[in-house]
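A.B. asks: need coordinates for the following:
(chains A and B)
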Amino acid sequence: MARLDLRFTDGATMTAPIAVGDVVLDAALAAGINLAHQCRSGSCATCVGKVVSGETETVAGRAPALLSSEIAAGMRLCCSLIACGDVTVELPYASTFTLADQASSTAGEVLECLPLSASVWKLVLKPDPSFDFQPGQYLRLQVPGTDAWRSYSIASSRDATGRIELVIKKHPGGAMGEYLTRARPGDAIDVEGPFGAFLLSQAKGPTVFIAGGTGLGPILPMLDQLRLRGGRAHPVTLAFSCSQAEDLFLLDELELREYWMPLLDLRVGVSRSTAEWEGLRGNPLALVDDESLLAAAAIHVCGSPGLVEATRQRCARLAIDPAKIRSEQFIPEVTLAGHPTPETMP
Amino acid sequence: MSTNATSPASGKMARRQYEPYLNASWGVKNYWFPALFSHELAEDEVKGVTIAGVPILLRRVDGRVHALRDQCLHRGVTMSVRPKCFSKDTLTCWYHGFTYDLETGKLKTIVGAPDDPMIGNARIQVFPAQEKAGIIFVFVGDDGYEPVPNLADDLPVLLPDDYEFRSPHLLDDNIVVMGLHRTGNSNWRLAVENGFDPGHQIMHRDAQVILSQNLAFPLGLNPTSPEAITTYGEDGEGPVGIMNEWHSGHYDLVMHNDELDLHPFGTGSVLGLRTSMFLPGVLMVENWPKRGLTQLEWYVPVDGNRHEYWEVILAVCPTEADLKKFKYEYDNLWLPIALHDFNDDDLFAREQMERFYSVDGGVGWDDEQLCGMDAVITGWRKLVSRHNRGIQTPQNHPSPRLD
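C.D. replies: Numbers count the residues shown, from 1 in each chain, chains lettered A, B, ... in the order given. Model prediction:
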């Protein structure tokens, strides 16, 4: 087995095994390296790269879509390029192209900032027009007037163009908590992203969302994505709870989804019971009391590390394949210290 | 005597309840839509139609209708504009010879490049197709949507035989369908909402079909209780739709406007006249244009600004004599005075609304001011928002690509 080195414009190199006589594009794709390509027959020139070292041949019987000058410069089409031994190819794009994420750093602007409940605020940003994301992903932002960077999941739908909504738990004394009370429309705000691989499962069948507190944020656009994606609708369960009734937020938005999705079973609860609360009680995991439902569904959990761990443990006890669980956990903003980042588990 | 007992929901929150409907400018998807009359597609003939922005090619082989995406995956050209078929089970693109299997849509060969690696590895979407009562229906929506619902679920509800004033249904034995289709220059939703709008009687006041039958067509119809309106299919079974129960006693029939001293001139009434609307946008008018007939209308989205307006009249004709009489009356009476004179006014009205509601910057969906007569329209919008099988995304630049 020979060795294929792929060099990208950002300096990164990726390596894949390749058998002598094999096609470079095939070897890269087989190794999970998603090189740019389309026709795979030498016509479209999407997979162009430059051979910088190693013996190669081209697939016989094809006229690659390359100019003579390009061929002289070492340009080849990866779909028609055969390795005769170790080979190194330079690609005209960054290694990030081969990944799902295409994060960038952009300048945004505050459109709106308002409290949604006793502890949760909504911050609405106008992102740079180039900013795009997948439901479930998060962004980092620099708290205006400070050096602090914070990470928040995007709580609005992808089609809400020109508008990104974040739901933020306000920690008194924290950099963001302090900013929320002085935020004004028009404030400049630096944004990086999108990040994260907490994405909607593509499995066809029932879906369960378990959201603790502001963990509801990324679930909302995922719910819209699920509603609007093709194919037959399947049952959806959304369990959401906060510690107290006065912390609950965006219940009107949830009720609208419940209205639009006859197959949505919405379960809202509070974990610290108070006498006046007449609804469900318990953390969001406890609201999913139907174990056969968990066993049959694609599970998405977002909230504290404790909630994510408890969900995984409960699923393990039920012998549920861990691959069916997608999770995102928030580490709360610690007073003036650290840069909390959502951690995505595979 | 006009009452205004039902106040339609309005305001921002109510509009959000039917937000999915407001986003459905290109129609709903995963439904059976009429594509052509059966007689419009002869044996071995190829024709193209556009439904909800999706170009669809129809070809009849050995009597059976096949429906494929009418867009070659190679360079996107419309294949039906120059039909080319070299065998009974394939369709060839006239431009570069990409040849597709009619059953599966798979690229079977390329005329001048029979060894291309794309062959066998690429395909275009095929659509389920069937014929019923002289109409070719095509199921338009997501590739691989299954199970494909029954056609009956996408037609007006089949009322039981003993239902009061029941009139002919497309699925009845010995049903005969006569009609036409033409393109209307308005969004399909404006057409739907015109179709069963109980408030626009005034527009039809002078219609030939009203005057010639001496009908006392009310000036207006205002719902006075929830029983004025019946919804169907909310339990997930059968067609999803909404019916105006004119005869129920829960509609206030306005026969006189004192301010203007206006009243209908006629004295007769049509027993069992009832209108209802079902997904994906099919109107049933029972006992119209006269008792014992049914008029159906589809408003099939072509794109965001146009709809294909289907107007048909249904009669049950068990004998040759019945058929002959119905055809004679259709040609000489119902076609000119119902499907044209009367419906021409409806088409005109929709086209007059189009600018206000246009997908190209129209403000109508935000700025309209609905009133008491519009409860059933709000009901329809909410019903579609809640019980659709999918909202079609805009197809301004459609691609044959399959996800």
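A.B. asks: test my guess that residue A:206 contacts residue A:232.
C.D. replies: No. Using C-beta atoms under 8 Å, residue A:206 is not in contact with residue A:232, being 12.0 Å away. Quick note: C-beta positions are derived from backbone N, CA and C, even for glycine.
A.B. asks: tell me how far residue A:215 lies from residue A:227.
C.D. replies: Distance, residue A:215 to residue A:227, by C-beta to C-beta, to the nearest Å: 19 Å.
A.B. asks: now residue B:252
C.D. replies: Separation of residue B:252 from residue A:227 (C-beta to C-beta): 38 Å.
A.B. asks: same check on residue B:331?
C.D. replies: Relative to residue A:227, and taking C-beta to C-beta, residue B:331 is found at 47 Å.
A.B. asks: any regions of the stretch 51-200 of chain A where pLDDT drops low?
C.D. replies: A:98-103 (pLDDT under 70).
A.B. asks: so how many other residues sit close to residue A:223?
C.D. replies: 27 (other C-beta atoms under 10 Å in any protein chain shown).
A.B. asks: revised request: answer the last question for residue B:144.
C.D. replies: Count around residue B:144 with other C-beta under 10 Å applied: 12.
A.B. asks: need the residues of the stretch 251-400 of chain B near chain A, please.
C.D. replies: B:385, B:386, B:387, B:389, B:390, B:391 (C-beta under 8 Å from any C-beta of the partner chain).
A.B. asks: pick out the residue nearest the middle of chain B.
C.D. replies: With distances taken as C-alpha atoms, centre = their mean, residue B:298 lies nearest the centre of chain B, 2.0 Å away.
A.B. asks: show me which of residue B:331 and residue A:227 is the more surrounded one.
C.D. replies: Under the criterion of other C-beta under 10 Å, the comparison of residue B:331 against residue A:227 puts residue A:227 first, with 19 against 11.
A.B. asks: tell me the contacts of the more buried one?
C.D. replies: A:233, A:257, A:260, A:261, B:20 (C-beta atoms under 8 Å, 6 or more residues apart in numbering or on different chains).
A.B. asks: at 10 Å instead, please
C.D. replies: Residue A:227 is in contact with A:157, A:233, A:236, A:257, A:260, A:261, A:263, A:264, B:20, B:388, B:390, B:391, counting by C-beta atoms under 10 Å, 6 or more residues apart in numbering or on different chains.
A.B. asks: so it lies in a strand, does it not?
C.D. replies: No. Counting by DSSP: H, G, I helix; E, B strand; the rest coil, residue A:227 is not found in a strand; it is helix.
A.B. asks: and the pLDDT for it?
C.D. replies: What the model reports for residue A:227 is a pLDDT of 93.
A.B. asks: wait, residue A:112 touches residue A:156, no?
C.D. replies: No. Contact criterion C-beta atoms under 10 Å: residue A:112 and residue A:156 do not qualify, at 11.6 Å.
A.B. asks: which residues do those two both contact?
C.D. replies: A:122, A:124, A:125, A:163, A:165.
A.B. asks: so can I have CSV of the residues you listed showing secondary structure, distance to chain B and neighbour count?
C.D. replies: Output for these, formatted as CSV (DSSP: H, G, I helix; E, B strand; the rest coil; distance: C-beta to the nearest C-beta, whole Å; neighbours: other C-beta atoms under 10 Å in any protein chain shown):
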residue, secondary structure, distance to chain B, neighbour count
A:122, strand, 17, 20
A:124, strand, 17, 19
A:125, strand, 22, 25
A:163, coil, 15, 13
A:165, strand, 15, 21
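A.B. asks: how much space between the most far-flung residue of chain B relative to its centre and residue A:63?
C.D. replies: Farthest-out residue of chain B from its mean C-alpha position, per C-alpha atoms, centre = their mean: residue B:115, at 44.3 Å. Counting by C-beta to C-beta, the gap from residue B:115 to residue A:63 is 14 Å.
A.B. asks: thought residue A:143 was touching residue A:179, still the case?
C.D. replies: Yes. With contact defined as C-beta under 10 Å, residue A:179 and residue A:143 form a contacting pair (5.0 Å).
A.B. asks: for the residue of the stretch 151-300 of chain A found nearest chain B, which non-adjacent residue is closest in space?
C.D. replies: Distances between the stretch 151-300 of chain A and chain B by C-beta to the nearest C-beta are smallest at residue A:230, namely 3.4 Å. Closest residue to residue A:230 apart from its sequence neighbours, by C-beta to C-beta, 6 or more residues apart in numbering or on different chains: residue B:142 at 3.4 Å.
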